[in-house]
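**Q** sequence? don't have it. structure:
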């Protein structure tokens with residue numbers, strides 16, 4: 001027994017040095033990965049919801065001024081994600097930031113971590129184009145979105161019915177199945193690279209210098225997907241809503257220039273005064289006022305048309 005004295009201290013020292021200490025050093029890094037995954041999920045949800053709420057393009061039966069339609073295409077939605085989701089908790093959100101280029105210096109605090117000392121800070125996300133020398137052109141996000149027809153026989157019947165209604169100038173988005181995909185890559189921690197540093201089983205990256213990486217640096221891919229089935233009653237603007245609703249009101253066919261002129265003439269007779277077009281409005285539609293941001297696409301904040 002005398003030869004076993006101090007054995008537990010040696011075992012404890014080895015356990016603390018090679019297991020507990022590395023885990024304690026990696027815990028902040030793992031917590032940032034979890035937070036990055038959370039915000040990536042939020043990004044995919046934002047993309048999907050924005051696609052259901054804005055028109056992607058001008059409706060086929062629209063004959064008015066395009067500037068009165070609230071249109072936001074997928075490219076603009078994708079550019080909004082870093083500003084709205086990944087900029088940080090204490091940052092102000094402006095509707096016109098989508099026209100600017102997002103830089104990693106604008107990122108939230110959780111997207112930065114310390115590799116060694118407190119003064120050594122590294123960006124958590126890895127580039128999708130590491131071979132690019134110009135850091136201003138590095139791409140850290142890969143967002144995608146699409147909308148398709150809702151699968152199923154019932155959805156097909158509804159789509160056919162809406163096609164019949166389109167004859168009367170009625171239109172809604174018939175592709176109501178929305179999919180959003182948001183991808184990021186997490187750069188590896190130096191401790192994990194050290195554990196993984198085996199030149200035989202895991203040889204160093206031969207292109208590390210070209211890609212501006214460490215020899216054993218690797219990426220952890222994170223992909224977030226959101227699926228939504230939504231009605232196609234997108235708010236394309238005040239006039240767009242009024243025009244679409246009027247197409248469902250048969251009496252709106254009587255609201256024509258010749259008929260209104262005839263009614264105004266007959267209204268001169270005292271007994272037919274109420275026939276005047278200002279009194280008796282066929283197909284009259286009054287819709288709740290939309291916020292200015294949904295009244296047009298002259299800029300992101302909309303206009304007052």
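**A** Okay, I see it. Only a predicted model underlies this, so the values are computations on that prediction, with no experimental measurement involved. Numbering: from 1, shown residues only.
**Q** any idea how far the helix or strand harbouring residue 244 is from the middle of the chain?
**A** Per DSSP states H and E, residue 244 falls inside helix 238-246. In terms of Cα atoms, centre = their mean, to the nearest Å, the centre of helix 238-246 is found 26 Å from the chain centre.
**Q** which parts of the protein are strands?
**A** For the chain, applying DSSP state E gives strands covering 112-114, 121-123, 142-148, 177-187, 219-229.
**Q** mind checking which of the ones you listed is nearest residue 154?
**A** Checking these against residue 154 by Cβ to Cβ gives strand 219-229 as the closest, at 11.7 Å. Any C-beta I mention is one placed from the backbone N, CA and C, and that applies to glycine too.
**Q** so which bits of stretch 38-51 are buried?
**A** For stretch 38-51, a neighbour-count test (16 or more other Cβ atoms under 10 Å) marks 39-51 as buried.
**Q** what do you get for stretch 183-198?
**A** So, applying 16+ other Cβ under 10 Å, buried residues of stretch 183-198: 183, 184, 185, 186, 187, 188, 189, 190, 191, 192, 193.
**Q** identify the bridge partners of the fifth one.
**A** The one in question is residue 187. In this entry, residue 187 is beta-bridged to residue 219, by DSSP bridges.
**Q** quick one: contacts for it?
**A** Contacts of residue 187 were listed using Cβ atoms under 8 Å, 6 or more residues apart in numbering, and they are 122, 123, 124, 125, 126, 217, 219, 220.
**Q** go with 7 Å
**A** 122, 124, 125, 126, 217, 219 (Cβ atoms under 7 Å, 6 or more residues apart in numbering).
**Q** do you know how far residue 152 is from residue 231?
**A** Distance of residue 152 to residue 231, computed by Cβ to Cβ, to the nearest Å: 15 Å.
**Q** in the protein, which spans are helices?
**A** 7-15, 21-53, 74-85, 153-165, 190-195, 238-246, 257-266 (DSSP state H).
**Q** what does the shortest one contact?
**A** The set of residues that contact helix 190-195 without belonging to it, under Cβ under 7 Å, 6+ apart, is 22, 25, 26, 115, 214, 216, 217.
**Q** from those, which shows the smallest pLDDT?
**A** Least confident entry in these, by pLDDT: residue 22, with 67.
**Q** distance to residue 248 and mean pLDDT for the strands of the chain - can I get that in CSV?
**A** Formatted as CSV, those follow (distance: least, Cβ to Cβ, whole Å; pLDDT from 0 to 100):
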stretch, distance to residue 248, mean pLDDT
strand 112-114, 54, 81
strand 121-123, 53, 82
strand 142-148, 23, 90
strand 177-187, 24, 93
strand 219-229, 23, 92
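**Q** out of the ones you listed, which one sits most buried?
**A** Mean neighbours per residue, mean count of other Cβ atoms under 10 Å, is largest over the strands of the chain for strand 177-187, with a mean of 21.
**Q** residue 240: how many residues sit nearby?
**A** Residue 240 has 24 neighbouring residues, counting by other Cβ atoms under 10 Å.
**Q** no further questions, thank you.
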